[in-house]
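Asks: Sequence and predicted structure, then a few things I'm wondering about:
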Amino acid sequence: MAHAVETGVKHEDHESIKIAGFWIFLVQDVLLFATLFATYVVLRNHYAGGPTPKELFDVPGFVAETFILLTSSFTSGLAALQLNKKSVGGLITWLVITGVLGLAFLGFEINEFTNMVQEGATISTSAFLSAFFTLVGTHGAHVTLGLGWMLGLIIQLARRGITPVTSRKVSVLSLYWHFLDAVWIFIFTVVYLIGVM
Amino acid sequence: MHDDHSEKHPGSTVSYVIGFLLSIVLTIIPLYVVLNHSFSNMILVYVIMIMAVLQFLIQLVFFMHIRESEEPHYNILAIALGIIFVFAIVAGSAWIMTFNSQVQ
Amino acid sequence: MQTQHFFIVGDPLILGADISIILVSAAIIFVLTYFKKWGWLWREWLTTVDYKKIGIMYFISALLMLFRGGVDALLMRLQLMFPNMNLLESEHYNEIFTTHGTIMILFMAMPLIFAMFNIAVPLQIGARDVAYPFLNAVSFWLFFFGALLLNLSFVIGGSPNASWWGYPPLSELTFNPGPGENFYILSIQISGIGSIATGINFLITILKMRAPGMRLMDMPLFTWSVLSSCIVIIAAFPVLTVALFLLFMDRFAGAHFFTMTHGGDPMMYVNLFWMWGHPEVYIVVLPAFGIFSEVVSVFSKKVIFGYTSMVVSLLLISVYAYFTWVHHFFTMGAGADVNTFFSISTMLIAIPTGVKVFNWLLTMYRGRIRMTEPMLWTLGFIVCFVVGGATGVMLSVAPADYQYHNSYFVVAHFHNVLIGGTVFGMFAGMTYWWPKIFGFKLNPTLGKWAFWLWNIGFYVCFMPQYALGFMGMTRRIYTYPDDMGWTPYNVVSTIGAFIMALGFVFQVWQIVYSAKRMDRDVTGDPWDGHTLEWSTTSPAPYYNFAVIPKVEGRDAFWKEKKKRSQPDYKPEKRELKPIHFPKNSGIPFIMGVCFFIAGFGLTFHWVWLGVIGLIGVAATLYARSFQYDTEYVIPVEEIKKTEAALGRDI
């Protein structure tokens, strides 16, 4: 069946078209985050008499989050490389490691948010905090969705092994995961580092 | 339904490791200079932003393999255009809203 | 959230609308059941991933929305016809101008251009389908259910009333505690996701699925205009998504992005909204420009003048549109340097647009012009849009704008360019491609009546509004005193609105009449067209092309026809191969329903319902992810049979 079909587009090309479209989706998501960043930048000094970033941000916390996420980006790359070795076992292993690191990242972040809320710094306290929670929280929501996606993909890999379709899905997920780390680089820089300066 | 001509996933273990190590370095440097207040705030902001952009490029090249593809590099064009729009959004908003520093 | 005002009562107009909605819905359900058509509806339309059908659904939805938005307009014009009228109270008037704007821009213009994208682009580039047929269906159903959510508001819960912009602080909880603004935010948000998906879909379709031999610089100009429009969609809609989301956070999570206290800044909303809002008007006008290029070329029997400069100007406009947005709020206090920059950037964008106008005129020069209906709409556009563009340049002068801002001058300007540009453009496209989609021709006489009524009605309605603007009449007021001297202009303007309404009636009459008469398009090429869509039958078979055409340059079909008319022409025998085709799917429709449930729940602060809806959305995504059997194969015998039935020899 693989040879006798003609869509005007070769079968392998069909998968690369899905990847091409995903790059464009990522561009759209970059602009979404850019808008959240712009909002944060504009509102970052609007403390309304409430807590400031220097008072709130916990250095070990965000440093840990940063290295965990960076490592998970690296391990997701190692997972994708397993495609070339055609090793489903290796692929799933590295994906699971990536997922665990992702969960750890979320754990740290939820802990951070909870501590802030308990100290009286909520989304309703000031415009600065609204912007902070929304920007960082949107990133966290993207990570959560990515983990759900990863779980589904792991199940599909376990059932079907490495095929052109599952390969493409791994490539797309890994692009998404790297993109999330790229966004975090800027959150780390613009929100946390500038906040504690 | 196996197709024997699946494309090879670009990159190698070596390139990923290099990218990872470079990223770590580019994370540690800004951390260090900020926590030690090595320069004035103005300069610090420029330094860490440059580090961030460099690390972003590392992600793009070493992890996301933006340069590998036999087909026209639409994704590079798309990212480049995206960066122009990011600049308009962030710098534009910051400039337009500068008066609002009086609003606290 | 109290439910005592759940159903809107007490207003005869709304009560009448309630009853009509119930009756019409009941009638539809009755007809479907009586003729046992539920299965057909599900199989052929609700689960389709065929872009041609999706295009038709977008088209029908847009026309229905044009009707509703138009009725809103007529109600407003009636209320304003004379001073101190009491047809509409101020609150009701606010709701009407809000829904009029929201519907016309987001639920009429957007689906109408998407209809044109679907109807023409794959055929023009010689492709069988769009890049992501399933996503195409998702886009449609998200639009549909978003529109449904907004349309529901005036009978359940209450319409939004803070204008189609939804500026805080008026749209914040302090001043707008009811569900109205929630309907606004959620309906646009849901529909907006569909729009972004369409932008990505058609961008990749155009870049990656052209017939072999069709280079980018060989593409029809309509396709180029869609490409440009998609770039703007992808660039602009994320900003709107965030702007609305932040307003949502203010209203639902107690955030302080745009509130008056706790450090919020309402102007930031205005900034973000227009950062999307200005590119949005280019999103809807660029495809119109593309249609005009096609129509002018075919009906002047000439190749378009200055193809390269047309392409360059489209791309320049699409990127450049992103750098002019502050002209929507010159008077808000951003400062002289900001205003100066955006004043100049706004003026500059007139240049590539001007290039296009000259190219269209030069195409017509010494051409053999046929005054068909599409050509009439095009000529009407050229005059109308140039006037509107000129008043745009007037508005772009920031100091002058301090006088024009918020007056009827602005209202006249934007209707001038939106109606003259987008609406006339879409009508040109509709009448041009109608035979291709539906297989029969539209009656030209009724069409000419429709055009002239719209065209004349437009000037009668909106030219007085420029004068009213100069005379100081503010926009969005629901009545005015009788000693301002505004009355005669308002009377004339209202008459013009009704003339346009009559034009719409003629369009509906034209469609019904032509459908009954069934003047079939048997050749597939009723206009002697230049581009590939005219090489198929009307309508095209579901796989478009039995054999993907080989293209050798611009105006591929025109060249092909010239080749065929040569005495020594021998048709190339090309081998038929089986075709891979996507299967229908109910998931897009169900996903739309889940988004609707979530939106409805959140609108009334029933968070449990909102969560259920969103879980439903996640479930549909997951279900799709696990679906691997998504295509089927059309065997060669079936292709041969279909082609033979359509009278084509392969």
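Replies: Structure's in. What do you need? Numbers count the residues shown, from 1 in each chain, chains lettered A, B, ... in the order given.
Asks: Could you count how many residues lie near residue 29?
Replies: Here I'm looking at chain A. 19 (other Cβ atoms under 10 Å in any protein chain shown). For the C-beta atoms, the positions are set from N, CA and C on the backbone; glycine is no exception.
Asks: meant chain C actually
Replies: For C:Ile29, using other Cβ under 10 Å, the count is 11.
Asks: That one is in what secondary structure piece?
Replies: helix C:12-34 (DSSP states H and E).
Asks: quick one: average confidence on the next helix or strand after that helix?
Replies: As assigned by DSSP H and E, the chain's next helix or strand after helix C:12-34 is helix C:38-40. Averaging pLDDT along helix C:38-40 yields 92.
Asks: How about the contacts made by the residue most central in space within chain B?
Replies: Per Cα atoms, centre = their mean, the C-alpha nearest to the average position across chain B is that of B:Phe56, at 1.7 Å. By Cβ atoms under 8 Å, 6 or more residues apart in numbering or on different chains, B:Phe56 lies in contact with A:182, A:185-186.
Asks: On the three-state scheme, it is what?
Replies: Here B:Phe56 is helix, with the state taken from DSSP: H, G, I helix; E, B strand; the rest coil.
Asks: measure it to C:Phe424 for me?
Replies: 45 Å (Cβ to Cβ, to the nearest Å).
Asks: just C:Gly388 next, same as before
Replies: 11 Å.
Asks: Could you do B:Gly19 as well?
Replies: Distance from B:Gly19 to C:Phe424, by Cβ to Cβ: 53 Å.
Asks: How about C:Val71?
Replies: Distance from C:Val71 to C:Phe424, by Cβ to Cβ: 20 Å.
Asks: Equivalent analysis for C:Glu89, please.
Replies: C:Glu89 is 34 Å from C:Phe424, by Cβ to Cβ.
Asks: And C:Ile579, its phi and psi?
Replies: Main-chain dihedrals, C:Ile579, degrees, to the nearest 10: phi -110, psi 130.
Asks: ok, back up a step: quick one, which of C:Glu89 and C:Phe424 is more surrounded?
Replies: Neighbours per residue, other Cβ under 10 Å: of C:Glu89 and C:Phe424, the larger number sits with C:Phe424, 28 against 13.
Asks: Can you tell me the SS state at whatever residue of chain A ends up closest to chain C?
Replies: Minimum separation of chain A from chain C (Cβ to the nearest Cβ) falls at A:His46, amounting to 3.0 Å. Assigned by three-state DSSP, the conformation of A:His46 is coil.
Asks: contacting residues around it?
Replies: A:126-128, B:103-104, C:256, C:262-265.
Asks: Which of those residues sits closest to C:Ser293?
Replies: C:Asp265 (42.9 Å; Cβ to Cβ).
Asks: Next one, pLDDT for C:Gly472 please.
Replies: pLDDT at C:Gly472 comes out at 95.
Asks: That one against C:Ser407, yeah?
Replies: Yes - C:Gly472 lies in contact with C:Ser407 (Cβ atoms under 8 Å); the separation is 6.7 Å.
Asks: neighbour-wise, which of those two wins?
Replies: Ranked by neighbour count (other Cβ under 10 Å), C:Gly472 and C:Ser407 place C:Ser407 first, with 19 against 13.
Asks: State whether that one and C:Gly469 are indeed in contact, as I suppose.
Replies: Yes - in terms of Cβ under 8 Å, C:Ser407 counts as a neighbour of C:Gly469; the distance is 4.1 Å.
Asks: Give me the common contacts of those two.
Replies: By Cβ under 8 Å, 6+ apart, no residue touches both C:Ser407 and C:Gly469.
Asks: Flag every residue of the stretch 401-550 of chain C that's near chain A.
Replies: C:545, C:548 (Cβ under 8 Å from any Cβ of the partner chain).
Asks: try 10 Å
Replies: Within the stretch 401-550 of chain C, the positions near chain A by Cβ under 10 Å from any Cβ of the partner chain are C:543-545, C:547-549.
Asks: now the strands for chain A?
Replies: In chain order, chain A shows no strands, with DSSP state E as the criterion.
Asks: circling back: tell me the pLDDT of the residue of chain A closest to chain C.
Replies: 94.
Asks: show me the contacts for the closest residue to it other than its chain neighbours.
Replies: Nearest residue to A:His46, sequence neighbours excluded (Cβ to Cβ, 6 or more residues apart in numbering or on different chains): C:Gly263, at 3.0 Å. Neighbouring residues of C:Gly263 by Cβ atoms under 10 Å, 6 or more residues apart in numbering or on different chains: A:43, A:45-50, A:125-131, B:100, B:103-104, C:256-257.
Asks: Now which of those would you call buried?
Replies: Neighbour counting over those (16 or more other Cβ atoms under 10 Å in any protein chain shown) leaves A:43, A:45-48, A:50, A:125-131, B:100, B:103, C:256-257 as the buried ones.
Asks: contacting residues for C:Gly472?
Replies: Applying Cβ under 10 Å, 6+ apart, the residues contacting C:Gly472 are C:403, C:407-409, C:484-486.
Asks: for it, helix, strand, or coil?
Replies: coil.
Asks: I'd like to know how far it sits from chain B.
Replies: 28 Å (Cβ to the nearest Cβ, to the nearest Å).
Asks: still on that earlier bit, among the contacts of C:Gly472, which one has the most neighbours?
Replies: Of the contacts of C:Gly472, with other Cβ under 10 Å as the count, C:Tyr408 tops at 27 neighbours.
Asks: wait, doesn't that one sit right on C:Met484?
Replies: No - assessed by Cβ atoms under 10 Å, C:Tyr408 is found out of contact with C:Met484, at 11.8 Å.
Asks: any shared contact partners between the two?
Replies: With Cβ under 10 Å, 6+ apart as the test, C:Tyr408 and C:Met484 both reach C:468, C:471-473, C:490.
Asks: Can you check those and name whichever has the most neighbours?
Replies: C:Leu468 leads the shared contacts of C:Tyr408 and C:Met484 on contacts (other Cβ under 10 Å) with 26 neighbours.
Asks: For the closest residue to C:Met209 other than its chain neighbours, give me its contacts.
Replies: Counting by Cβ to Cβ, 6+ apart, C:Met209 lies nearest to C:Ala127, which is 4.2 Å off, once chain neighbours are set aside. Going by Cβ under 10 Å, 6+ apart, C:Ala127 touches A:7-9, C:51, C:121, C:205-206, C:208-211, C:214, C:532, C:544-545, C:548-549.
Asks: Just confirm C:Ala127 is within a strand.
Replies: No - under the criterion used here (three-state DSSP), C:Ala127 is coil, not part of a strand.
Asks: Which residue ranges of chain A form helices?
Replies: Along chain A, the segments classed as helices by DSSP state H run A:11-43, A:53-56, A:59-81, A:88-118, A:127-160, A:164-186, A:194-196.
Asks: which one of those helices lies closest to C:Val611?
Replies: helix A:127-160 (14.2 Å).
Asks: other SSEs contacting the closest one?
Replies: helix A:11-43, helix A:53-56, helix A:59-81, helix A:88-118, helix A:164-186, helix C:221-253, helix C:607-625 (3 or more Cβ pairs under 10 Å, 6 or more residues apart in numbering or on different chains; DSSP states H and E).
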